[in-house]
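> What follows is a predicted structure for the sequence shown.
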Amino acid sequence: MGPSSTHEVDDPLPVGEGEQVGRKWSMKCSVPTALLCAVSGIGGFLFGYDTGVISGALPFIRTELFPDETRAQSSFLAELIVSTTIAGAAVGSISGGPLSDAIGRRTTLIVADVLFIVGALLMALAQGVPALLVGRLVVGLAVGVASVTVPVYIAEAATPSVRAGLVTVNAVLIC
């Protein structure tokens with residue numbers, strides 16, 4: 001066989017981490033790195049979960065928080081509830097980078113976690129639309145900060161041979 005850019009499966013040369021073996025890739029990482037990335041990847045999951053769960057909750061929110069509103073008012077309030085999180089995420093993603101540079105990635109993720117908890121509590125205890133909007137805004141801030149910080153944190157913590165795969169796992173968890 002002539003020289004090629006990839007190693008064949010029966011090639012006697014040893015293959016290191018992240019190198020191509022035939023058509024398969026080897027991805028080996030330590031247990032602490034995998035655990036760190038799994039825990040950090042929860043931010044990606046929360047991003048996707050929060051975006052998807054509101055569609056199932058809106059009918060119940062409409063009947064509980066604004067049953068007497070007209071259809072147009074009800075639609076406007078529902079749109080406001082959904083878009084408040086997106087607005088918070090925009091602000092959080094803009095401020096997440098400078099914040100993580102200033103106080104560190106790990107501390108920034110802890111701040112995002114606290115924001116998630118506070119926002120969830122505010123939404124769970126909301127007795128009206130204004131309180132729900134504040135909770136959604138706080139969760140949006142957390143989503144924005146986490147969506148900027150988590151991929152960088154994973155990339156910095158992972159070894160070069162598994163970095164791309166672990167950052168991809170975070171992106172997949174968003175879906």
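Great, that's in hand.

> what about Val82, neighbour count?
14 (other C-beta atoms under 10 Å). Heads up, the C-betas are built off the backbone N, CA and C, glycines and all.

> do the one 5 residues further on as well
The number of residues packed near Ala87 is 15, by other C-beta under 10 Å.

> what do you get for Thr108?
Residues near Thr108, counting by other C-beta under 10 Å, number 25.

> looking at this, it is in a helix?
Yes - remark: Thr108 belongs to a helix, assigned using DSSP: H, G, I helix; E, B strand; the rest coil.

> Look up how far Ser161 lies from the nearest residue to it once chain neighbours are set aside.
Closest residue to Thr108 apart from its sequence neighbours, by C-beta to C-beta, 6 or more residues apart in numbering: Ser100 at 4.0 Å. Per C-beta to C-beta, to the nearest Å, Ser100 is found 24 Å from Ser161.

> mind checking which helix or strand the residue positioned nearest the centre of the chain is in?
For the chain, Gly44 is the residue whose C-alpha lies nearest the centre (C-alpha atoms, centre = their mean; 2.0 Å). Following DSSP states H and E, one finds Gly44 within helix 31-65.

> How far does that helix sit from its chain's centre?
Centroid separation for helix 31-65 versus its chain: 8 Å, with C-alpha atoms, centre = their mean, to the nearest Å.

> what's that helix packed up against?
helix 71-103, helix 105-124, helix 129-157, helix 163-174 (3 or more C-beta pairs under 8 Å, 6 or more residues apart in numbering; DSSP states H and E).

> Please identify the deepest-packed of the ones you listed.
Sort these by mean neighbour count, taking mean count of other C-beta atoms under 10 Å, and helix 129-157 sits at the top with a mean of 22.

> quick one: that helix to helix 71-103, angle?
Using axes from the mean of the first three to the mean of the last three C-alpha atoms, to 10 degrees, one finds that helix 129-157 and helix 71-103 are set 40 degrees apart in direction.

> List the residue ranges of the protein that fall below the pLDDT cut-off.
1-27, 29, 40, 43, 71, 175 (pLDDT under 70).

> Try it again at 90.
Low-confidence segments of the chain, defined by pLDDT under 90: 1-79, 81-82, 127-129, 143, 146-147, 150-175.

> one step back: direction-wise, compare the helix holding Gly44 with helix 71-103 and give the angle.
Counting by the same axes, to 10 degrees, helix 31-65 lies at 150 degrees to helix 71-103.

> Distance of the residue nearest to Thr108 relative to Ala112?
10 Å.

> can I assume the residue nearest to the centre of the chain is in contact with Leu166?
No - contact criterion C-beta atoms under 8 Å: Gly44 and Leu166 do not qualify, at 11.2 Å.

> just to revisit the earlier point, for Ser100 and Ala112, list the residues in contact with both.
Listed as contacting both Ser100 and Ala112 by C-beta atoms under 8 Å, 6 or more residues apart in numbering are Val145, Thr149.
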